[in-house]
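Q: sequence plus the predicted model coming up.
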Amino acid sequence: MKLKIVSLVIAALILPTALSAAGENMIKVKEMKIERVDGRVNMLLVAERATETHEVRSAGRYTVYFRNTVFVGGGDRFEVAAGGVRSISIVQVKPDVVAVEIDLEDGYEVLSKGYDEKRGGFLFFTKKLPASAAKEPKSPLELEAEQELDEFLRRLRSGGARYLSRINRVVIDPGHGGFDSGAVGPTGLKEKDVVLDIARRVKRILLSETNIMAFLTRRDDYYIPLSARTVISNKYRADLFVSIHANASKNRSARGFEVYYCSDKASSKEAEALAKRENISYGENGVAESREGSVNIEKILFDAGRKKLWNDSRDFSERFFSYSGVNLGIPKKGVHSANFFVLRKARMPSILIEVAYISNPVEEDLLRQPQFREKVAREIVKVIRSADFR
Ligand SMILES: [Zn+2]
């Protein structure tokens with residue numbers, strides 16, 4: 001087959017300031033060479049020698065971090081729009097770490113070939129995924145999500161804003177909604193109303209006080225199936241998924257704040273019971289239908305990428321737990337894991353927060369107060385801002 005090769009080489013411009021700031025032993029990253037070849041893109045990041053790398057794959061984006069490197073090249077952002085690649089950014093995320101961020105079209109992935117001595121750089125290329133893996137039916141909600149994302153990206157580009165190196169996009173998922181009230185407190189306070197208000201506050205704070213874009217899985221009191229929630233966040237190409245809930249127990253004295261992440265095995269009987277309760281999704285006819293186990297578990301178990309996501313989720317849960325709750329004035333009950341349907345399909349680190357026990361009279365009263373909800377929202381924002389999955 002005859003290959004049509006168009007080579008785009010961006011000449012390296014040596015920046016003296018970057019050189020003097022970096023130590024002598026730092027590996028200089030000089031330029032990104034991009035070749036569009038017959039429906040795919042070859043990328044060569046020219047660098048002096050091999051170094052340790054760390055890859056992060058999230059929906060629609062591939063990021064790779066290079067240890068002990070300094071970028072001394074010219075162009076740092078390339079609009080490619082071919083072979084599955086939307087754009088490539090080179091970012092000096094830390095004084096000694098260069099990152100390459102590749103934004104991908106749906107249905108493509110990036111394969112890394114490591115450091116190529118002959119070519120003097122790190123080699124990557126795109127690969128089209130099999131049609132079955134790329135094809136997902138689009139619901140009106142997904143289309144809406146895509147539209148909102150496109151608008152956001154346009155705004156980002158027209159404003160000349162730079163991508164941040166850590167968390168760019170977060171999906172906040174207020175649990176339940178519509179005819180699924182979630183847990184109900186002793187005086188009738190509904191979980192679905194509390195968590196929607198907290199989620200809106202988180203979004204408002206993120207948009208007004210940070211550069212992080214926030215999306216909600218539901219914006220009002222309506223029902224969304226659990227499966228649609230992660231589909232939405234995958235469409236948003238979010239870096240992080242945070243599901244907000246309020247806990248309940250038959251034991252009215254149970255109190256406290258908890259953080260959960262997804263795992264195949266529950267960390268305790270209580271965690272398993274909670275996952276079961278949160279996994280129950282009410283069908284249109286009002287009949288409870290358990291969604292647990294309705295995904296292809298074998299496939300997921302052997303998906304190393306997912307394991308990495310779950311590990312990141314665990315780390316984030318622990319960070320979340322150690323940072324927050326201090327000022328909430330309620331007991332901190334710990335980090336747990338269980339098989340949450342809403343978390344397991346997410347293609348990004350994802351956690352579920354049980355803010356407090358709505359079944360406990362004291363905590364129900366707290367959950368009713370706008371000041372407490374604002375405090376919780378600020379704790380959530382604080383930890384999101386500190387998140388870093390490198
Ligand atoms: Zn819930």
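A: Received, thanks.

Q: may I see the buried residues of whichever helix or strand residue 111 is part of?
A: Element membership for residue 111, per DSSP states H and E: strand 108-116. Within strand 108-116, the residues that qualify as buried by neighbour count (16 or more other Cβ atoms under 10 Å) are 108-110, 115. Heads up, the C-betas are built off the backbone N, CA and C, glycines and all.

Q: quick one: which of those is nearest to residue 278?
A: residue 109 (31.0 Å; Cβ to Cβ).

Q: thinking again about what came up before, show me what the strand holding residue 111 is in contact with.
A: 44, 47, 49-51, 53, 55, 57, 62, 64, 83-85, 102, 104, 121-129 (Cβ atoms under 8 Å, 6 or more residues apart in numbering).

Q: residues of this protein that sit close to the ion?
A: For the chain, the residues in contact with the ion (Cβ under 5 Å from the ion) are 175, 182, 245, 278.

Q: and the pLDDT for the third one?
A: This points to residue 245. Here the pLDDT value assigned to residue 245 is 92.

Q: please name the residues that touch the nearest residue to residue 56 once chain neighbours are set aside.
A: Here the nearest residue to residue 56 in space, its sequence neighbours aside, is residue 63; by Cβ to Cβ, 6 or more residues apart in numbering that works out to 4.6 Å. For residue 63, the contact set (Cβ under 8 Å, 6+ apart) comprises 55-57, 99-102.

Q: state the phi and psi torsions of residue 63.
A: Main-chain torsions, residue 63, degrees, to the nearest 10: phi -120, psi 140.

Q: dig out what it forms beta bridges with.
A: Residue 63 has the following beta-bridge partners by DSSP bridges: residue 56, residue 101.

Q: gap between it and the ion?
A: 32 Å (Cβ to the ion, to the nearest Å).

Q: same thing with residue 85?
A: For residue 85, the distance to the ion - Cβ to the ion - is 39 Å.

Q: Throw the residues of the chain next to the ion into TSV and include neighbour count and secondary structure, thanks.
A: Output for the residues of the chain next to the ion, formatted as TSV (neighbours: other Cβ atoms under 10 Å; DSSP: H, G, I helix; E, B strand; the rest coil):
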residue	neighbour count	secondary structure
175	27	coil
182	21	coil
245	29	strand
278	25	helix
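
Q: what's the farthest-apart pair in those?
A: 182 and 278 (8.5 Å).

Q: what touches both of the two?
A: In contact with both residue 182 and residue 278: 175, 245, using Cβ under 8 Å, 6+ apart.

Q: in this structure, what residue is nearest the ion?
A: Across the chain, the shortest distance to the ion (Cβ to the ion) belongs to residue 245, at 3.4 Å.

Q: please name the bridge partners of that residue.
A: Beta-bridge partners for residue 245, by DSSP bridges, are residue 354.

Q: wait, it touches residue 198, no?
A: No - look at residue 245 against residue 198 with Cβ atoms under 8 Å: they stay out of range, at 9.9 Å.

Q: what touches both of the two?
A: residue 355.

Q: ok, back up a step: ok, of the contacts of strand 108-116, which come out buried?
A: Neighbour-count burial (16+ other Cβ under 10 Å) applied to the contacts of strand 108-116 gives 44, 47, 51, 53, 57, 62, 64, 83-85, 102, 104, 121-126.

Q: returning to what we had before: chain center to the strand holding residue 111, what's the gap?
A: 22 Å (Cα atoms, centre = their mean, to the nearest Å).

Q: using PDB, write out every CA atom in the helix or strand just after that strand.
A: Toward the C-terminal end, the helix or strand that comes next after strand 108-116 (DSSP H and E) is strand 121-128. What follows is strand 121-128 as a C-alpha-only set of coordinates in PDB (Å, rounded to 0.1, in the frame of the first residue of the first chain):
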ATOM      1  CA  GLY A 121      13.200  10.400  21.000                       C
ATOM      2  CA  PHE A 122      10.000   8.900  22.500                       C
ATOM      3  CA  LEU A 123       7.800   7.400  19.900                       C
ATOM      4  CA  PHE A 124       4.000   7.300  20.000                       C
ATOM      5  CA  PHE A 125       1.300   6.600  17.500                       C
ATOM      6  CA  THR A 126      -2.400   6.500  17.300                       C
ATOM      7  CA  LYS A 127      -4.500   3.400  16.700                       C
ATOM      8  CA  LYS A 128      -8.100   3.100  15.700                       C
END
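
Q: which elements pack onto strand 121-128?
A: Here strand 121-128 touches strand 40-47, strand 61-67, strand 97-104, strand 108-116, going by 3 or more Cβ pairs under 8 Å, 6 or more residues apart in numbering; DSSP states H and E.

Q: what's next to it, contact-wise?
A: For strand 121-128, using Cβ under 8 Å, 6+ apart, the contacting residues are 33, 39-47, 53, 64, 66, 83-85, 100, 102, 104, 107-116, 134.

Q: show me the protein divided up by domain.
A: Structural domains assigned to the chain are 5-132, 136-386, following automatic domain parsing.

Q: one step back: residues contacting the residue of the chain closest to the ion?
A: 175-176, 182, 191, 195, 278, 352-355 are the contacts of residue 245 under Cβ under 8 Å, 6+ apart.

Q: output the below-cut-off pLDDT ranges for the chain.
A: By pLDDT under 70, the weakly predicted segments of the chain are 1-24, 38, 131-166, 280-308, 323-327, 342, 388-390.
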